[in-house]
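Undergrad: here are the coordinates; sequence isn't available:
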């Protein structure tokens, strides 16, 4: 009996999933199936970007597949930041008894230290949660199972490499901006505009490259993240940029919806003075931050989908194995 080669196939037990066939038997590795769309390709070759409609569907399927973990990451990060915010608020109330509220940050070093602490905690948790969310989405794409706690751990572990690559990758952008200012300093208005347009082109191109750095970092390939991201974009920039623009419209719509819901919740809860007002402010901040961290999934999902298409096994072969499941 001729058995099909090792690959991903439609899972005979679950039509919404694909399952890995190792050439002889089914394994327990599963991933979300790519939904078929009217007018879209039912399959695509490895190294090829799927149609825009398929990409949108695939991105949302990745989010659905790991939604529980994504929510867990968002809640933990939001609660931790809200607690830090609460410590700052309560400490500020205590310090306010000793000085005028308007002079609090001008005269009290402790308040400034607390504020810096709050910013550091929020920054660290924001970066770690973004990388954790990206990790969960990449796991969904390749069929790997990982708890949200393990994903958070990976986010913290990969945070400094990520920041290092982003800072290094941002240097050319800042250099271009400074160079444009230096050249345009003594020129007329029209010439300045032309110079900035010329320098915007490489800036926009390189920004798309940086868009792939988070996924490259969490994949832990050991490669230079900037070089690997550039290789993904090279020769496909316009197609990737177009998909980013379309997804940007999706994010704007979701952002407007979340903003309306959050405004309604904040208005319904209201505010009050004193400790009760502080508690309400902390709770509202926690809810808002959770929604914000869920928004990270929307930022990461399309780039995970495109990265998977380009470096993963993007094909969906026909002829499912007939061996016993």
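TA: All right, it came through fine. Model, not experiment: these values are computed from the prediction.
Undergrad: what residue ranges in the stretch 51-200 of the chain score low on pLDDT?
TA: Low-confidence regions of the stretch 51-200 of the chain, defined by pLDDT under 70, span residues 86-111, 180, 183-198.
Undergrad: For the nearest residue to residue 55 once chain neighbours are set aside, the count of nearby residues, please.
TA: Taking CB to CB, 6 or more residues apart in numbering as the measure, residue 55 lies nearest to residue 305, with 5.3 Å between them; neighbours along the chain are not counted. To be clear about C-beta, it is placed using only N, CA and C from the backbone, and glycine gets the same treatment. Taking other CB atoms under 10 Å as the criterion, the count of residues near residue 305 is 29.
Undergrad: so what's residue 305 up against?
TA: When the contact criterion is CB atoms under 8 Å, 6 or more residues apart in numbering, the partners of residue 305 are 50, 55, 58-59, 62, 141.
Undergrad: Go through those and flag which are in helices.
TA: For those, the ones inside helices are 55, 58-59, 62, 141, with DSSP state H as the criterion.
Undergrad: okay, those residues in TSV with neighbour count next?
TA: Putting the ones in helices among the contacts of residue 305 into TSV (neighbours: other CB atoms under 10 Å) gives the following:
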residue	neighbour count
55	22
58	24
59	24
62	26
141	25
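Undergrad: how about the helices of the stretch 51-200 of the chain, start to end?
TA: Taking DSSP state H, counting those that start in this stretch as the criterion, the stretch 51-200 of the chain carries its helices at 52-65, 67-96, 104-107, 109-142, 148-157, 159-184, 189-210.
Undergrad: Give me the buried positions along the fourth one.
TA: Of the residues in helix 109-142, those with enough neighbours to count as buried (16 or more other CB atoms under 10 Å) are 111, 114, 118, 121-122, 125-142.
Undergrad: Tell me which of the helices of the stretch 51-200 of the chain sits nearest to residue 9.
TA: Of all the helices of the stretch 51-200 of the chain, helix 109-142 sits nearest to residue 9, with 15.2 Å by CB to CB.
Undergrad: what angle do the closest one and helix 159-184 make?
TA: For helix 109-142 and helix 159-184, the angle between their directions (axes from the mean of the first three to the mean of the last three CA atoms, to 10 degrees) works out to 110 degrees.
Undergrad: Make 127 the starting number, not 1.
TA: New numbering, starting at 127: the last item is helix 235-268.
Undergrad: Report the angle between helix 235-268 and helix 274-283.
TA: Inter-element angle recorded for helix 235-268 and helix 274-283: 120 degrees (by the same axes, to 10 degrees).
Undergrad: ok, back up a step: what's the separation between the residue nearest to residue 181 and residue 421?
TA: Here the distance between residue 431 and residue 421 works out to 17 Å (CB to CB, to the nearest Å).
Undergrad: Which single one of the ones in helices among the contacts of residue 431 is nearest to residue 379?
TA: Out of those, the one with the shortest distance to residue 379 is residue 185. That distance is 14.0 Å, counting by CB to CB.
Undergrad: Next up, the contacts around the closest one.
TA: For residue 185, the contact set (CB under 8 Å, 6+ apart) comprises 373, 427-428, 430-431.
Undergrad: Need the max-distance pair from those residues.
TA: The most widely separated members of those are 373 and 430, with 11.6 Å between them, by CB to CB.
Undergrad: which of those two has more neighbours?
TA: Each of residue 373 and residue 430 has its neighbours counted (other CB under 10 Å); residue 430 has more, 30 against 21.
Undergrad: what helix or strand is the more buried one on?
TA: Taking DSSP states H and E as the criterion, residue 430 maps to helix 400-437.
Undergrad: Low-confidence bits of the stretch 327-451 of the chain, can you list those?
TA: The stretch 327-451 of the chain contains residues with pLDDT under 70 at 388, 391-417, 438-451.
Undergrad: 80 instead, please
TA: Screening the stretch 327-451 of the chain residue by residue with the criterion pLDDT under 80, one finds the ranges 346-349, 381, 383-421, 438-451.
Undergrad: Can you redo the helices of the stretch 177-326 of the chain as TSV, where the extra columns are distance to residue 136?
TA: Written out in TSV, the entries for these read as follows (distance: least, CB to CB, whole Å):
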stretch	distance to residue 136
helix 178-191	14
helix 193-222	22
helix 230-233	60
helix 235-268	17
helix 274-283	27
helix 285-310	35
helix 315-336	33
